[in-house]
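Undergrad: Quick one, fold the following:
(one chain, ligands or ions: 1)
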Amino acid sequence: MSEDYPRTLLELERRFGSEEACRQYLSVLRWPDGWSCPRCAGRRHRSVRRGLWRCQDCRFEASVRAGTIFQDSHLPLTVWFRAVWQVTSQKSGVSALGLQRVLGLGSYKTAWAVLHKLRRAMVRPGRERLHGVVEVDETYWGGPEPGLIGRLTQNKVLIVVGAEEDGRGIGRVRLACIPDLTTATLHGFVQQAVEPGSTVRTDGLRAYMGLTGYVHERQVQRDQAEGEHLPPRVHRVVSLLKRWMLGTHHGAIGAAHLDDYLNEFTFRFNRRKSASRGKLFYRLLQQAVQVPPAPFQDLTRLQPLGGRGVK
Ligand SMILES: [Zn+2]
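TA: Alright, predicted model coming up:
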């Protein structure tokens, strides 16, 4: 299927004014080769009513929303589509309060849940790992900023960043919340984020030693002054990340949800050279029908740091 998406807000408004139009669009994204049963993968089906199909093999009834992030949502798809447009068409995305206002949503809680569900869809299942030369380093979120001594941390969240070298610029990135700076954690991140055989560039932290399957370039900084000394690409990524979190979200991001914000930042950063914002709209909806639903209880449940693994 060729990638078909609205290029402007006006186009979005014209095309997706009805539930039926939105359902049609999602159906094609979800089942590009024709309907298949979410339960038994059977293909024989019958239309029960508009937007609902019954599997002829196991009799399961599935709408285009079932088994996706749109399941159990009382919001019309027309509203979801506009939320996706807001999130993808603006360079910095949108805050929950901003989304509530612009879409006239009944509550802040609803707007917040919409954004968090979309963030879950921002990680593409089976995405490629970083490769080539990759800088890896850690930073903190929360607590007082500069002047921290060494790597001691109090009430701060650790974030590890991997950034591909692309000439003098930055390629793609991966970010994750991590519970500690142990060998197991850091090696685990590298293995999940970086293709074996790549060159991994770290500072002198001992925990990175013994990294197998990679070319490890270790740069020991002897005279470490105050503050953080990050390699140039990681440094740029971290300052963009913090500017975004402090700007769009006013810094109001708790440790429990940081992973979701990192997902959104990564999604946008890795597609920053995309020719069209509409393409991001397309990608996000495509991924939204491929990831399982995230019930509200799941979103609000406190997650242990690093509990959902590194991404
Ligand atoms: Zn079935």
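Undergrad: Touching the longest helix anywhere in the chain from outside, list them.
TA: In terms of residue count, the longest helix belonging to the chain (DSSP state H) is helix 232-247. The contact list for helix 232-247, computed with CB atoms under 8 Å, 6 or more residues apart in numbering, reads 92-93, 135-137, 139, 141, 159, 161-165, 170, 173, 175, 228, 230, 251, 253, 261-262, 265, 269. Just so you know, the C-beta spots here come from the backbone N, C-alpha and C atoms, and that holds for glycine as well.
Undergrad: and with 7 Å instead?
TA: Contacts to helix 232-247, defined as CB atoms under 7 Å, 6 or more residues apart in numbering, come from residues 92, 135, 137, 139, 161, 163, 165, 170, 173, 230, 251, 253, 261, 265.
Undergrad: looking at the sheet around the fourth one, what are its partners?
TA: Applying DSSP bridges to residue 139 yields these beta-bridge partners: residue 159.
Undergrad: surely it meets residue 159?
TA: Yes. Between residue 139 and residue 159 a contact is recorded at 5.3 Å, counting by CB atoms under 7 Å.
Undergrad: Quick one: name the residues of this protein near the ion.
TA: Contacts of the chain with the ion, taken as CB under 5 Å from the ion, map to 37, 39, 40, 42, 55, 57, 58, 60.
Undergrad: how deep is the first one tucked in, by neighbour count?
TA: It refers to residue 37. As a burial measure, residue 37 scores 20 neighbours (other CB atoms under 10 Å).
Undergrad: contacting residues around it?
TA: Residue 37 neighbours (CB under 7 Å, 6+ apart): 45, 55, 57, 58, 60, 62.
Undergrad: What confidence value was assigned to it?
TA: We have a pLDDT of 87 for residue 37.
Undergrad: Are we agreed that it is in a strand?
TA: No. If the criterion is DSSP: H, G, I helix; E, B strand; the rest coil, then residue 37 is coil and not within a strand.
Undergrad: returning to what we had before: report the buried members of the residues of the chain next to the ion.
TA: 37, 42, 55, 60 (16 or more other CB atoms under 10 Å).
Undergrad: Out of the residues you listed, which sit inside strands?
TA: The strands, defined by DSSP state E, take in residue 55 from those.
Undergrad: quick one: which two of the buried ones among the residues of the chain next to the ion are the most distant?
TA: Greatest spacing in these, by CB to CB: 42 and 60 (8.5 Å).
Undergrad: Confirm residue 273 sits in a strand?
TA: No. Under the criterion used here (three-state DSSP), residue 273 is coil, not part of a strand.
Undergrad: returning to that earlier point: need the contacts of residue 37 in a markdown table (columns: distance to residue 208 and pLDDT).
TA: Formatted as a markdown table, these follow (distance: CB to CB, whole Å; pLDDT from 0 to 100):
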| residue | distance to residue 208 | pLDDT |
| --- | --- | --- |
| 45 | 52 | 92 |
| 55 | 50 | 94 |
| 57 | 51 | 94 |
| 58 | 50 | 94 |
| 60 | 48 | 91 |
| 62 | 47 | 88 |
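Undergrad: The residues you listed: which two are farthest apart?
TA: Checking these with CB to CB, the most distant pair is 57 and 62, at 12.2 Å.
Undergrad: Next secondary structure after the longest helix of the chain?
TA: Using DSSP states H and E, the helix or strand that follows helix 232-247 in sequence is helix 258-269.
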